[in-house]
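Visitor: what's the 3D shape of this:
(one chain, ligands or ions: 1)
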Amino acid sequence: MRHRNIVILTGAGISAESGVPTFRADADGLWLGHRVEDVATPEAFVRDPAKVQAFYNARRAQLATVRPNAAHLAIARFAARHPGRLTLVTQNVDDLHDRAHAEIAPGPGFELIHMHGELLKARCTASDMVCNWREDLEADHPSPHHPQGRLRPHIVWFGETPLEMDRIEAALQACDLFLSIGTSGAVYPAAGFVQAARFAGARTVEINLEPTTGRRLFVEGVYGPATETVPAFLDTLY
Ligand code: BV8
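Guide: Next up is the predicted model:
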């Protein structure tokens, strides 16, 4: 085993070949056809809750039509046999990693962290209680957890604090291999994880369709579609 403690960061690119659209595909800088500030900030939710809920309702409903791809499954197969620690930190709010690891049970050292939340969960605005949620959310959706609460998507919007940062930082400090898969490195703090990994002395590899603007922060780069590059790269680890 060449590496004991591994951190894998994934972004929208790992789900692209499953049919889940990436964020920065449109040249006009729109985010899935919307301006970020109109659908992915707390201010947007206060200003126009119906628009924000509809944006997430459509993405939540789309999950029923997609499946994990060969890249998700390759990570799950690796997690099943890796005897050390494997921390999979995803920026994605889809459940494709969850489904892959439900299909192929991981080893004891595995953890999956959704640092930007999950489409299939809702959060009470009064109690912060999080519950599984598969249906549409209405603009002013009463919360079952609190009489004054409303249900919002359990999503980390711009300007909000990502989830599980302590666990992520601990994993980065202990890692000897850091893989960044299918992310443009446009959003912080996720885009800064590679620096923490390098500071910890880890081997750093960017695996993406093409080199990103953060390419120079990685010692190695592997380029091509994730369904080809991820299984091939993980095979080199044993
Ligand atoms: C924070 C959930 C403090 C929503 C997302 C002013 C005010 C407040 C904050 C800021 C500010 N200025 C800057 C900031 C920080 C801000 C930020 O980074 N802004 C950017 C725009 C500059 N960040 C925040 O606000 C974060 N919070 O900073 O709090 C803090 C910090 C540290 C510790 C404590 C507190 C919160 C950001 C979270 C926003 N929510 N998602 C939703 O999904 O609707 S972000 C969203 O976009 C994703 O989750 C992801 O993180 C991000 C980037 O997307 P990617 O996954 O990289 O996708 P993208 O389309 O960009 O790239 C896809 C890549 O895949 C491409 O490179 C492509 O080549 C590749 N690809 C395509 N196909 C394939 C492929 N690769 C392989 N195979 C293929 N087939």
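Visitor: Please list the residues outside the lowest-mean-pLDDT helix or strand in the chain that contact it.
Guide: Least confident helix or strand of the chain, by mean pLDDT, DSSP states H and E, is helix 36-39 with a mean of 90. Residues from elsewhere that reach helix 36-39, judged by C-beta atoms under 8 Å, 6 or more residues apart in numbering: 31, 32, 43, 44, 48, 51, 52, 55, 158. All C-beta atoms are positioned from the backbone trio N, CA, C, and that covers glycine.
Visitor: Show me what the lengthiest strand in the chain is packed against.
Guide: Looking across the chain with DSSP state E, the single longest strand is strand 117-124. Strand 117-124 is packed against helix 49-62, strand 130-132, strand 151-155, with contacts defined by 3 or more C-beta pairs under 8 Å, 6 or more residues apart in numbering; DSSP states H and E.
Visitor: Give me the buried positions along whichever helix or strand comes after the longest one.
Guide: The reference is to helix 49-62. Proceeding N to C from helix 49-62, the next assigned helix or strand is helix 70-81, under DSSP states H and E. The neighbour-count check on helix 70-81 (16 or more other C-beta atoms under 10 Å) flags 70, 71, 72, 73, 74, 75, 76, 77, 78, 79 as buried.
Visitor: Identify, from the residues you listed, the entry nearest to residue 135.
Guide: residue 72 (24.6 Å; C-beta to C-beta).
Visitor: how about stretch 168-182 against the ligand, any contact?
Guide: Yes: counting by C-beta under 6 Å from any ligand atom, the ligand has neighbours in stretch 168-182: residue 182.
Visitor: any idea of the mean pLDDT in that stretch?
Guide: On average, the pLDDT along stretch 168-182 is 98.
Visitor: So what pairs up with residue 114 in the strands?
Guide: residue 90 (DSSP bridges).
Visitor: wouldn't it be in contact with residue 92 here?
Guide: Yes: taking contacts as C-beta atoms under 8 Å, residue 114 lies within contact range of residue 92: 7.5 Å.
Visitor: Starting from residue 126, give me the distance back to the residue lying farthest from the centre of the chain.
Guide: Using C-alpha atoms, centre = their mean, the residue of the chain lying farthest from its centre is residue 147. It sits 31.7 Å away. Distance of residue 147 to residue 126, given as C-beta to C-beta, to the nearest Å: 8 Å.
Visitor: how distant is the least confident helix or strand of the chain from the center of its chain?
Guide: Mean C-alpha position of helix 36-39 versus that of the full chain (C-alpha atoms, centre = their mean, to the nearest Å) differs by 19 Å.
Visitor: ok, then the element right after it?
Guide: helix 42-47.
Visitor: Name the residues of that following helix that come out as buried.
Guide: By neighbour count, with 16+ other C-beta under 10 Å as the criterion, the buried positions of helix 42-47 are 44, 45.
Visitor: Stretch 40-60 and the ligand, are they touching?
Guide: Yes: residues of stretch 40-60 contacting the ligand under C-beta under 6 Å from any ligand atom: residue 40.
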